[in-house]
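J.: This is a predicted model, with the sequence first.
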Amino acid sequence: MEGIILGIESTAHTFSFGRVSTSGELFPSFSSLYRPDEGGIHPREAADHHSEETSTLLARLSRSEGFSWDSIVAIAFSQGPGLGPCLRVGASVARTLSTRLSVPLLGVNHCVAHIEVGRNQTGCKDPVLLYVSGGNTQVIARADGRYRVLGETLDIGIGNMLDKFARTQGIPFPGGPEIEKLSAEFVGNGNPSLDEIILPYGVHGMDLAFSGMLTSAVQKVAEGRPLGEVCWSLQEHSFATCVEVAERALAHTGKDELLLGGGVACNERLRKMSKMMCEDRDAECFWPDKQFCIDNGTMIAELGRRMLECGIETELMESGIEPSLRTDNTAVVWA
């Protein structure tokens, strides 16, 4: 029977268990999302949520078709980056399962996991990654045995920016999908022009900034601009900055593949803009299924599989969490 790598994701609001076969077959994750009653994510409350959901998620995993605890050959978990209290829950569960099942433990880099699950599912080989999520916004490319950050946000992640704007308008978390819906409805009702609702354009060389854009968008609504119009403008401006920096990265590296990853990569408008840019450059644009764009345990398992193939394991004494772990801190020794 083929072996299974079990992956545990717990960096922020999502607690998730996923699995990948040793041959690279991806299976859907079993996940639970922490939704705060008000405001943004509260790390301690999110950690409590993860702890409370552990037994339920493991029970769902155990009942899933074709699953057997005897088939597990390794346990992978998000070692960082992320929120400390949330990471500790996932790490503790991983250590317990690893010890109980007598299988290797694999502490993985959450950001790199987004790349590897995308490469697995889409078949791209050596892409530039446009990584757009709540806590991270980075443009990444592989060079000299690491995934190098060529550009990133200087203030807040694009997903965090969209969620903050949504909260000011009474839209519950996560706000991105509702902003996308309101934007699409606004575009469907006419032929909008950005000349009428310009927001700050936060590109600084290869880096990005979104806080000024956020402040201006909130002000536009307060001045009486329709919410749908502001949502549309916010998407157009913020996505354009990301695509511009991604295009520069393609030109700088000479690569001809762009991979989208992170929760915001579920947005159809961002996908369309990215694809148009790639077509203009004779490049290809890829994105995984939406279930693998958002945080999920399967992507953690996939990176664990890559590491296990190369003989990399995490000793118990080295399994402490790393909340500030950088994308380029992880050596990439697999193909």
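T.: Cool, got the structure.
J.: Excluding chain neighbours, what is closest to A47?
T.: Counting by CB to CB, 6 or more residues apart in numbering, P85 is the residue found nearest to A47 once chain neighbours are left out, at 3.6 Å. Just so you know, the C-beta spots here come from the backbone N, C-alpha and C atoms, and that holds for glycine as well.
J.: So what's the residue count around the one you found?
T.: For P85, the count of nearby residues is 19 (other CB atoms under 10 Å).
J.: same question, P192
T.: 16.
J.: Over to G90?
T.: Neighbour number of G90 under other CB under 10 Å is 27.
J.: And the closest residue to it other than its chain neighbours, how close does it get to T330?
T.: Of all residues not flanking G90 in the chain, S10 sits nearest, at 2.9 Å (CB to CB, 6+ apart). According to CB to CB, to the nearest Å, S10 and T330 sit 18 Å apart.
J.: Who has more neighbours out of these two?
T.: Using other CB under 10 Å, the more surrounded residue of S10 and T330 is S10, with 34 against 20.
J.: per-residue confidence for the more buried one?
T.: Note on S10: pLDDT of 98.
J.: M1 too?
T.: 58.
J.: Verify the stated contact: A76 with I5.
T.: Yes - contact criterion CB atoms under 8 Å: A76 and I5 qualify, at 5.8 Å.
J.: any residues in contact with both of those two?
T.: Common neighbours of A76 and I5, counting by CB atoms under 8 Å, 6 or more residues apart in numbering, are L106, A301, G304, R305.
J.: tell me the secondary structure for the last one?
T.: The three-state label for R305, taken from DSSP: H, G, I helix; E, B strand; the rest coil, comes out as helix.
J.: Export only the CA atoms of stretch 156-169, formatted as PDB.
T.: Taking Å, rounded to 0.1, in the frame of the first residue of the first chain, the C-alpha atoms of stretch 156-169 are listed here in PDB:
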ATOM      1  CA  ILE A 156       0.300  45.000   5.200                       C
ATOM      2  CA  GLY A 157      -0.600  42.000   3.100                       C
ATOM      3  CA  ILE A 158      -3.100  42.500   0.300                       C
ATOM      4  CA  GLY A 159      -5.600  40.100   1.900                       C
ATOM      5  CA  ASN A 160      -5.300  41.900   5.300                       C
ATOM      6  CA  MET A 161      -5.900  45.200   3.500                       C
ATOM      7  CA  LEU A 162      -9.100  43.800   1.800                       C
ATOM      8  CA  ASP A 163     -10.300  42.400   5.100                       C
ATOM      9  CA  LYS A 164      -9.700  45.700   6.900                       C
ATOM     10  CA  PHE A 165     -11.700  47.600   4.300                       C
ATOM     11  CA  ALA A 166     -14.500  45.100   4.500                       C
ATOM     12  CA  ARG A 167     -14.700  45.500   8.300                       C
ATOM     13  CA  THR A 168     -15.100  49.300   7.900                       C
ATOM     14  CA  GLN A 169     -18.200  48.500   5.800                       C
END
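J.: so what's M307 up against?
T.: Counting by CB under 8 Å, 6+ apart, the residues that M307 touches are A76, L106, V108, E313, W334.
J.: Would you verify that L130 is located in a helix?
T.: No - per three-state DSSP, L130 lies outside any helix segment and is strand.
J.: Is it in contact with A246, as I believe?
T.: Yes - contact between L130 and A246 holds when scored by CB under 8 Å: they sit 4.5 Å apart.
J.: okay, the closest residue to P226 other than its chain neighbours: pLDDT?
T.: Leaving aside its chain neighbours, P226 sits nearest to F186 (7.1 Å; criterion: CB to CB, 6+ apart). F186 is assigned 94 on the pLDDT scale.
J.: thought T56 was touching S32?
T.: Yes - counting by CB under 8 Å, S32 is a contact partner of T56 at 7.3 Å.
J.: quick one on the thing from earlier: just list the residues touching the residue nearest to G90, thanks.
T.: S16, H50, F77, S78, G82, C86, L87, V89, G90, A91, V93 are the contacts of S10 under CB under 8 Å, 6+ apart.
J.: Enumerate the residue intervals of the stretch 101-250 of the chain where per-residue confidence is below the cut-off.
T.: Across the stretch 101-250 of the chain, nothing is flagged by pLDDT under 70.
J.: Helices along that one, start to end?
T.: For the stretch 101-250 of the chain, the helices defined by DSSP state H, counting those that start in this stretch cover 110-122, 158-168, 176-188, 211-222, 227-253.
J.: Can you say which of those is packed in most?
T.: Comparing these by mean neighbour count (mean count of other CB atoms under 10 Å), helix 110-122 comes out on top with a mean of 25.
J.: Please identify which helix or strand holds the residue nearest to A47.
T.: Applying DSSP states H and E as the criterion places P85 in helix 84-101.
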